[in-house]
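S.K.: here are the coordinates; sequence isn't available:
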């Protein structure tokens, strides 16, 4: 029987009327649902209509079920005799519940049949989690997902409890007040009061800086200076690019120069450029910008004073530095470890003619990772360029591969040779504060992609460069069987046997599973375990490796048409790239594009149907597990508990991965990069979090130190020109730093306390000073164009709470209908920003934003409306946040 609301005169069915009463903003419609379970359900509408006829708007009752603001605890406001009332007629209550549920089902069916948003799908049967194809061994039981909010992440935001390395000799200061790099730089320039020397004036210096950092080419700059009157009008000390280069080369000190060397191999002369690595280390240690943040001693960080849960972030919090310091203190007490981080990666210089460069980058682990992560801080030094020859004149392929491997190790050995003696005996080095320590530069990490990993460790393609796991067993996973490192002692013994028995050398290398490299560059470096020095690589191992595979498997499982269609349906978001043409047709996909795909990948696979009505539960769980691993691996701070979550995510993937075998997509999972994910936890415990050793940083350096440098040459004998161009650029940047120091009054450096970065979960809300629409949007337009149907009620509720914050829920509900709003139009902001603060510079940047904008016309077309979804984490509610299990 239809019900007519006497507030607005509209006819409703029972269920529709109940929803209307709860949501209406009309006080005459806002009457409680007097659900008396002692009465028959058919009588309920008449009881409600009777209440309407006898209504008293001064004493509006409250719906016990609550409204869109939440439920009310009526026991606090209106104690009722309710005990036993609901048991008088259970049959009537159950009948009423059945009637309501039938009405809801009918309404849902009507909407599906008319609108047709989604077709009806058959109920899929979830197959067993583990089947005969599953390669996982050990305990395969799937445990409930651990929720991070208020759990493992909470401790990451707190300041750690620090345990410093014991003893007074480690990291000892041998002298103070020594000449710093800035003092030495000032002396090299000569005693002058001009802070811009060797340039005469501030304008003279700024023109020179512009010409080398942001200006045109040398030819264009010379032509500009050749214009009559330009040099005299500006009062410059140089009249063309050649004179400027002469001033830079002869008068400005800088980092060590590149030295060219020639190596003869296979009848071909190869040229390699590298710098003095010791001088580069001195330049980084003595840099005034880094000095306040340098770490010289290892520390153990714990979440509490009970020391039960270890915390890892920067390199000095890892186990490698602590254990190496203990060994070094036994041999040479009073040492300061300088962890050397080396990164190599070949990169293309041109799209045509196949020109490439093979740069070597170097930095030190004493500098905090947040500083090293920004190329503009110049915490990475270009150590040299390796030869890019292919030795095509060697016809035998096996001989060519051996020659290329020996060439790589020979060049790297030459560049790192000074570390052999310096790492053992140490060198006295002065930091930016004038303190001198005995530093021991030790090779700690080698940050490289998989091809360079097996090239560096002298292992073979398809094998793990870290552990002796067989290539045909890499897809297996046993959480109860920890992985071990390769036997370094055995490898060194075999390599040393070349001089004694060259004939048996090849056979010994073959039996041990290593390449016959005569003299690997790491063989004689002190305190180096090369198999342990291989580090995680988020860019190549995860984004360009594992996730690239999974995205391909998802495309094959669901079909390109379905995945691309779902990509096109994705709503816009501040941190998401919209793939309007899908992802299946993309070629040469970059790591950044894989990053953007991963952000929407879980949304693409949820509820997508698989062929033959196969349940997608295992596929969704495997994708979710690997995404969990991907994002957990990138935490800037880890604890023992968060590392357990990382292992759990990898375990969950291996539990459910057999779905790809069942679908015929894979035959095995013997993928080296997937296998290496098992080493992530151990690597984080050794060297700190993965952002200490991320190849994303060096990939960015390719632009400034290789590609742009090559573009500045005439493409003939390019590497000699590139090194000179880079030296001049570095001198200008170093002089700019010195000029700022002089203008600031040559201040003495003061040490600063460095706190771990945390997860930066807190964001600052920000809206613009001026609204997007000023005072021109009425309440009706808010409802029609913006969908804010309850704005007037919400505003009244806010006013009531501001005037009386202690109102209880039921009293608040009555109060809001007595508040009169004296205006009908409001200002509207279309965007809210979430700002984050940089932990180093304090600068604010936008980390996220929420857009609310109705459809609008532009030209002859129309721009669609955008209403972003926001999840509100209400801490007062008990439910909290949950995810997909």
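M.R.: In hand now; what should we look at? Since we're looking at a predicted model, the values are computed, not measured.
S.K.: what sits against residue 339?
M.R.: 315, 320-321, 364-366, 442, 444-445 (Cβ atoms under 8 Å, 6 or more residues apart in numbering). Yep, even glycine has a C-beta here, placed from its N, CA and C like the rest.
S.K.: Contacts for stretch 560-572 next, please.
M.R.: Contacts of stretch 560-572 (Cβ under 8 Å, 6+ apart): 554-555, 576, 578-585, 600, 603-604, 608, 851, 866, 868-869.
S.K.: Name the residues of that stretch that come out as buried.
M.R.: 562-564, 566-567, 570 (16 or more other Cβ atoms under 10 Å).
S.K.: Stretch 322-333 too?
M.R.: 322, 324-325, 328-329.
S.K.: Make TSV from those and add pLDDT to it.
M.R.: As requested, the buried residues of stretch 322-333 are arranged in TSV below (pLDDT from 0 to 100):
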residue	pLDDT
322	97
324	96
325	96
328	94
329	94
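S.K.: low-scoring stretches of the stretch 151-300 of the chain, by residue?
M.R.: Within the stretch 151-300 of the chain, the stretches with pLDDT under 70 are 151-157.
S.K.: any chance you could map the strands in it?
M.R.: 161-164, 173-175, 259-265, 268-274, 299-302 (DSSP state E, counting those that start in this stretch).
S.K.: right, so of these, which gets closest to residue 508?
M.R.: For the strands of the stretch 151-300 of the chain, proximity to residue 508 was assessed by Cβ to Cβ; strand 259-265 is nearest, at 23.3 Å.
S.K.: who does the closest one touch, helix- and strand-wise?
M.R.: With contacts defined as 3 or more Cβ pairs under 8 Å, 6 or more residues apart in numbering; DSSP states H and E, the packing partners of strand 259-265 are strand 268-274, helix 397-416.
S.K.: That one versus strand 268-274: what angle between them?
M.R.: 150 degrees (axes from the mean of the first three to the mean of the last three Cα atoms, to 10 degrees).
S.K.: And for stretch 314-333, what's in contact with it?
M.R.: By Cβ under 8 Å, 6+ apart, stretch 314-333 touches 165, 167, 169-170, 295, 297-301, 311-312, 335, 337, 339, 365-366, 368-369, 424-426, 438, 440, 442, 444, 527, 532, 684-688, 692, 756.
S.K.: what bits of the protein have low per-residue confidence?
M.R.: In the chain, residues with pLDDT under 70: 1-2, 6-19, 21-157, 753-762, 839-841, 874-885.
S.K.: what's the single longest strand in it?
M.R.: strand 436-447 (DSSP state E).
S.K.: tell me the angle it makes with helix 397-416.
M.R.: Using the same axes, to 10 degrees: strand 436-447 against helix 397-416 is 160 degrees.
S.K.: Can you get me the centre-to-centre distance for strand 436-447 and its chain?
M.R.: Its chain's C-alpha centre and that of strand 436-447 lie 27 Å apart, by Cα atoms, centre = their mean, to the nearest Å.
S.K.: Show me what it is packed up against.
M.R.: strand 173-175, helix 277-285, helix 319-331, strand 336-344, helix 418-425, strand 427-430, helix 530-533.
S.K.: Same list, the ones you listed, but as CSV with distance to residue 472 please.
M.R.: Below are the helices and strands packed on strand 436-447 laid out as CSV (distance: least, Cβ to Cβ, whole Å):
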stretch, distance to residue 472
strand 173-175, 54
helix 277-285, 40
helix 319-331, 31
strand 336-344, 29
helix 418-425, 37
strand 427-430, 47
helix 530-533, 20
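S.K.: which one of the ones you listed has the most crowded surroundings?
M.R.: By mean neighbour count, with neighbours taken as mean count of other Cβ atoms under 10 Å, strand 336-344 ranks first of the helices and strands packed on strand 436-447 at a mean of 25.
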